[in-house]
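Asks: For reference, the sequence and a predicted model appear below.
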Amino acid sequence: MVQWTSTVGAGQLARQLSARQHARPGARKQPAYRALADGIRLLVIEGQVAVAARLPAERELALSMSISRTTVAAAYEALRAEGFLESRRGAGSWTAIPAGGPLPARGLEPMPPESLGSVIDLGRAAPPAPEPWLTRAVQGALAELPPYAHTHGDFPPGLPALRKILADRYTERGVPTMPEQIMVTTGAMGAIDGICHLFAGRGERIAVESPSYANILQLMREAGVRLVPVAMAEQLAGWDMSRWRQVLRDTAPRLAYVVADFHNPTGALPDEDQRRALVDAARSAGTVLVVDETMSELLLDSDLEMPRPVCAFDPAGSTVLTVGSVSKIFWAGMRIGWVRAAPAVIRSLVALRAYGDLGTPVLEQLAVKWLMATDGWQEAVSLRRSLVRWNRDSLVSALRRELPTWEFDEPSGGLTLWVRTGGLSGSRLAEAGERFGVRVPSGPRFGVDGAFEGYIRLPFTVGGSMADEAAARLAAAARLVATGVEEPGAFVA
């Protein structure tokens, strides 16, 4: 039996193909069937049409596009020959990625600082700690540690004082919250791992944005779930709600995972109407909506007003489970995250910890508590925003100068830039980049089943002359991928 991720209607596919044609008016003339095949192939590669999505029948697409059925049949046959379409009599045709295509290149695994040498590491969206606040927080935690040292040190829900502070912060954002609605976790990854174990067994469906955060996608794959990709709207327009409603209605996933604030990797910021609509659609489908807020405080453009959090449209926490963390806004080495949900859900998640990590380190919880109970948190966040803003502006300027054919939308916050690489393979760019001393993750890491081969993700972790050098090395790597010829005198790591 064929397991489709979704179904693409004839009218929907025709609109997508028309929009792509208008966006690229200078495309070279070619036979109609070839243009149609190339249009569908690009929609698959760029994640606008999911892999394993059922396509409309030849007659239906021909009617919607006002072309001959022969043209559609020839396009489908070309896609089958290239490995981008599979068909079975009685089951229809569905999209695919060719077997043996390029695999995602390296770029996300952290390198020990001492092994970097002259390599510019753009694989991790993790800036250094905003000192002196890390040191002060640890010193403050040590001062508060003695009373806890006389206990067993085992607090599966998290320290009561930190749970109250986190609850109060949601209340201040306009979402009344009790400490009983909070569980402290070992980072956001620990939170989402627990949620997946509680709600989604092997074989269950989880709807995810496409593209999405690579490490979460891998976590879910290893849990044995079936990922259902939902394409993001283009040009940082947030969520495509027509696609979300269709996926939630047609596949009824057990969970849906979204990054609502400065999406990783695109940087998109869905507005309040989209947030309300997604909560309503998830509630109607019986889907638990997991909202990742780890980027929520990384607003870089002060003239932008942040929308209300997604949980504002489900304050009881029965449909929306909110995940937060200090790892992105403060320091990746501070592995403190949390879940906000209904008290019954929190109790179930806490019970699961007996078979997992048991609890979160007390000293790190005390450090975060000290920060949030003083002016230290706002001071640290302000430092982080200033650094990331400078890095973003430096990187954007350097890319536009060195690689003017590459395309991207500049986000108003977050830590990442999602870059279309002018038709070059992101996997090959990542491989070539390491020859020139720059590490980048390729697009397929952020997609499901090989989509986004024509993209890379660049984090805002370097600025100034280092950003200039990174862009220059990427440009050298791009020329190598495009021509196959290494330039004389080019830097080689």
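Replies: Looks like it came in fine.
Asks: what's the neighbour count on the nearest residue to Pro229 once chain neighbours are set aside?
Replies: In space, and not counting its chain neighbours, Pro229 is closest to Ser210: 3.5 Å by C-beta to C-beta, 6 or more residues apart in numbering. Quick note: C-beta positions are derived from backbone N, CA and C, even for glycine. Residues near Ser210, counting by other C-beta atoms under 10 Å, number 26.
Asks: Now Ser210: phi and psi?
Replies: phi -130, psi 110 (degrees, to the nearest 10).
Asks: Local confidence estimate at it?
Replies: Ser210 is assigned a pLDDT of 93 by the prediction.
Asks: measure stretch 451-463 end to end?
Replies: 29 Å (C-alpha to C-alpha, to the nearest Å).
Asks: In the stretch 1-150 of the chain, what residue spans correspond to helices?
Replies: Here the stretch 1-150 of the chain has its helices, by DSSP state H, counting those that start in this stretch, at 10-23, 32-45, 58-65, 69-82, 113-116, 133-144, 146-149.
Asks: ugh, wrong one, the stretch 301-450 of the chain
Replies: Assigned by DSSP H, counting those that start in this stretch, the helices in the stretch 301-450 of the chain fall at 343-352, 362-373, 376-402, 426-435.
Asks: Show me the one of the ones you listed that comes nearest Ile97.
Replies: The closest of the helices of the stretch 301-450 of the chain to Ile97 is helix 426-435. By C-beta to C-beta, the value is 12.3 Å.
Asks: Summarise which helices and strands that closest one is packed against.
Replies: Judged by 3 or more C-beta pairs under 8 Å, 6 or more residues apart in numbering; DSSP states H and E, helix 426-435 is in contact with strand 455-459, helix 464-483.
Asks: Convert the C-alpha atoms of that helix to PDB, please.
Replies: Extracted as PDB, the C-alpha positions of helix 426-435 are listed here (Å, rounded to 0.1, in the frame of the first residue of the first chain):
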ATOM      1  CA  GLY A 426      23.900  22.700  -1.400                       C
ATOM      2  CA  SER A 427      25.400  19.300  -0.600                       C
ATOM      3  CA  ARG A 428      28.300  19.900  -3.000                       C
ATOM      4  CA  LEU A 429      28.800  23.400  -1.700                       C
ATOM      5  CA  ALA A 430      29.100  22.100   1.800                       C
ATOM      6  CA  GLU A 431      31.700  19.600   0.700                       C
ATOM      7  CA  ALA A 432      33.600  22.200  -1.300                       C
ATOM      8  CA  GLY A 433      33.300  24.700   1.500                       C
ATOM      9  CA  GLU A 434      35.400  22.500   3.800                       C
ATOM     10  CA  ARG A 435      38.200  22.500   1.300                       C
END
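Asks: Adjust the sequence numbering to begin at 5 for everything that follows.
Replies: In the new count, where the first residue is 5, that last one comes out as helix 430-439.
Asks: in that helix, what counts as buried?
Replies: 430-439 (16 or more other C-beta atoms under 10 Å).
Asks: same thing with stretch 352-361?
Replies: In terms of neighbour count (16+ other C-beta under 10 Å), stretch 352-361 has its buried residues at 352-354, 357.
Asks: a markdown table please, covering the residues you listed and showing pLDDT and distance to Asp379.
Replies: Below are the buried residues of stretch 352-361 laid out as a markdown table (pLDDT from 0 to 100; distance: C-beta to C-beta, whole Å):
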| residue | pLDDT | distance to Asp379 |
| --- | --- | --- |
| Ser352 | 96 | 36 |
| Leu353 | 96 | 32 |
| Val354 | 95 | 31 |
| Arg357 | 89 | 32 |
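Asks: residue at max distance from the center of the chain?
Replies: Distance from the centre of the chain peaks at His154, with 41.6 Å (C-alpha atoms, centre = their mean).
Asks: what's the spacing between that one and Val366?
Replies: Going from His154 to Val366 by C-beta to C-beta, to the nearest Å gives 12 Å.
Asks: And for Leu17?
Replies: From Leu17 to Val366 the distance is 54 Å (C-beta to C-beta).
Asks: who has more neighbours, those two?
Replies: Taking neighbours as other C-beta under 10 Å, Leu17 and Val366 compare with Leu17 leading, 23 against 20.
Asks: pLDDT averaged over stretch 484-497, what's the number?
Replies: Here stretch 484-497 scores 71 as its mean pLDDT.
Asks: cool, stretch 100-116 as well?
Replies: Computed over stretch 100-116, the mean pLDDT rounds to 57.
Asks: which non-adjacent residue is nearest Arg63?
Replies: Per C-beta to C-beta, 6+ apart, closest to Arg63 is Arg73, 5.6 Å.
Asks: what's the burial count for the one you found?
Replies: Here the number of neighbours of Arg73 (other C-beta under 10 Å) works out to 14.
Asks: On the pLDDT front, check it for me.
Replies: Looking at Arg73, its pLDDT stands at 90.
Asks: Quick check: it touching Ala61?
Replies: No: counting by C-beta atoms under 8 Å, Ala61 is not a contact partner of Arg73; they are 9.5 Å apart.
Asks: from the buried residues of helix 430-439, which single one is nearest Ser390?
Replies: Proximity of the buried residues of helix 430-439 to Ser390 was ranked by C-beta to C-beta; the top entry is Gly437 with 27.9 Å.
Asks: Roughly how far does that closest one sit from Ala476?
Replies: Gly437 sits at a distance of 12 Å from Ala476 (criterion: C-beta to C-beta).
Asks: Likewise for Gln185?
Replies: Gln185 is 49 Å from Ala476, where distance means C-beta to C-beta.
Asks: who has more neighbours, the two?
Replies: Taking other C-beta under 10 Å, Gln185 and Ala476 do not tie; Gln185 has more neighbours (24 against 18).
Asks: can you pull the contacts of that one?
Replies: 171, 321, 344-347, 350 (C-beta atoms under 8 Å, 6 or more residues apart in numbering).
Asks: Is it possible to mark the buried ones in those residues?
Replies: The neighbour-count test (16+ other C-beta under 10 Å) marks 171, 321, 344-346, 350 as buried among these.
Asks: Could I get the CA-only coordinates of stretch 82-91 as PDB?
Replies: The C-alpha trace of stretch 82-91 is given here as PDB (Å, rounded to 0.1, in the frame of the first residue of the first chain):
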ATOM      1  CA  ALA A  82      10.000  12.400 -18.000                       C
ATOM      2  CA  LEU A  83       9.700  12.800 -14.200                       C
ATOM      3  CA  ARG A  84       9.400   9.000 -13.800                       C
ATOM      4  CA  ALA A  85      12.500   8.500 -16.000                       C
ATOM      5  CA  GLU A  86      14.500  11.000 -13.800                       C
ATOM      6  CA  GLY A  87      13.300   9.400 -10.500                       C
ATOM      7  CA  PHE A  88      11.100  12.300  -9.400                       C
ATOM      8  CA  LEU A  89       7.800  10.400  -9.900                       C
ATOM      9  CA  GLU A  90       6.600   6.900  -9.100                       C
ATOM     10  CA  SER A  91       3.300   5.500 -10.400                       C
END
